[in-house]
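K.L.:
A predicted structure for the sequence below; I have some questions about it.
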Amino acid sequence: MFLTLSLLRKGIPGKQWIGKTRRPRKITWQMKRNMLQHLDREGENEYWLSRPYMTANEERGHAAERRARDWLNLKASKFANFPEHKRIEDHLSHLRITKTWSN
């Protein structure tokens, strides 16, 4: 049955470039060249990533001072914009505008 279908069928059903029974693309020399360039680039990246700049012991705490300094600067900048303290007398002072009660 499958042999008969493959021999007598006159084309690809549906859209020819997508789906289960799609038309196979021809591999051109540009596609081969681009793939080789991609593989070369990937190999070079693997080479450089396999040789670290710092050892594991050097890398362990190398940014701790910078991160602590940045955190203190950020905290100081946030507190600089913080409003000053207000007492409850400042909030309720408008209630004592007119004192009309007699002693």
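P.N.:
Structure received.
K.L.:
got any ranges where the protein has weak pLDDT?
P.N.:
Per-residue confidence of the chain (counting by pLDDT under 70) places the weak regions at 1-3, 5-6, 97-103.
K.L.:
what segments of it are helices?
P.N.:
Secondary structure of the chain (DSSP state H): helices at 2-8, 29-49, 56-59, 64-80, 88-92.
K.L.:
tell me which of those helices lies nearest to Arg22.
P.N.:
helix 2-8 (15.1 Å; C-beta to C-beta). For glycine as for every other residue, the C-beta is placed from the backbone atoms N, C-alpha and C.
K.L.:
quick revisit: for Lys20, find the nearest of the helices of the chain.
P.N.:
Shortest separation from Lys20 across the helices of the chain is recorded for helix 2-8, at 13.9 Å, computed as C-beta to C-beta.
K.L.:
now the helices of the chain as TSV including mean neighbour count?
P.N.:
Converted to TSV, the helices of the chain look like this (neighbours: other C-beta atoms under 10 Å):
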stretch	mean neighbour count
helix 2-8	7
helix 29-49	10
helix 56-59	9
helix 64-80	9
helix 88-92	8
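K.L.:
got those as TSV, with distance to Lys20 columns?
P.N.:
What follows is the helices of the chain, written out as TSV (distance: least, C-beta to C-beta, whole Å):
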stretch	distance to Lys20
helix 2-8	14
helix 29-49	23
helix 56-59	49
helix 64-80	53
helix 88-92	74
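K.L.:
so how many other residues sit close to the nearest residue to Thr21 once chain neighbours are set aside?
P.N.:
Leaving aside its sequence neighbours, Thr21 sits nearest to Ile12 (C-beta to C-beta, 6 or more residues apart in numbering; 5.7 Å). Neighbour count for Ile12, taken as other C-beta atoms under 10 Å: 13.
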